[in-house]
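1. pasting the sequence and the predicted model now:
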Amino acid sequence: GAAEAARLLPPSGPRTLRVATECLTDPAHRLCEAHGLACVFDEYVMRRDLRQPLPERPLPPGVTLALWGPETAAQFFAAYHAAFRERPGFPNPSAQEWIDGVNGNDLLVEATLLARAGDQPLGFVLGTADLTASPTAGYVAQIGVVPTARRRGLASALMVAALRQMQ
């Protein structure tokens, strides 16, 4: 806690402690505020010029892609839930809450892809439009792969497939 922070900070000069987290629960937020820490939104944005060629990243053998739609939304949720449920602070939304959130997020259906083997969801990517950009730009809002399908190149293949659709 505070003793460890004091040990890590320099004895003189700027004394700024930065705690980075992707998911801050309400109790953790209150604890941080009680110790004088202020929440600051921070994100890293990676950009790619889609006029440039994309690398070849084939899907793993036996994996196919499906688009977002009413018939696939539950499978997208299953992939999301399996990919992220073990993360600290996972919000654990209901399927309907998550699906409604995806539908209300300037979704690019053609760049929102579900990877599956047969009917088994393995991963997903959510492509979204940035309507504030001029010209309108696309971005990947979220990408996830279920733990049993990781380390096979699936996330890379999903990313490239979504970027191809945005091209």
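-> Everything's here; your move.

2. buried sites along stretch 54-68?
-> Buried residues in stretch 54-68, defined by neighbour count with 16 or more other C-beta atoms under 10 Å: 57, 59, 63, 65-66, 68. Where you see a C-beta, it was placed from the backbone N, CA and C, and this is true even at glycine.

3. measure it end to end?
-> Across its full length, stretch 54-68 reaches 23 Å between end residues, using C-alpha to C-alpha, to the nearest Å.

4. distance from the chain centre to that stretch, please.
-> Its chain's C-alpha centre and that of stretch 54-68 lie 18 Å apart, by C-alpha atoms, centre = their mean, to the nearest Å.

5. TSV for the buried residues of stretch 54-68, including secondary structure and pLDDT?
-> What follows is the buried residues of stretch 54-68, written out as TSV (DSSP: H, G, I helix; E, B strand; the rest coil; pLDDT from 0 to 100):
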residue	secondary structure	pLDDT
57	coil	97
59	coil	97
63	coil	98
65	strand	98
66	strand	98
68	coil	97
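
6. looking at the residues you listed, which is nearest residue 13?
-> Nearest to residue 13 among these, counting by C-beta to C-beta, is residue 57 at 45.4 Å.

7. does that closest one touch residue 157 like I think?
-> Yes - assessed by C-beta atoms under 8 Å, residue 57 is found in contact with residue 157 at 4.5 Å.
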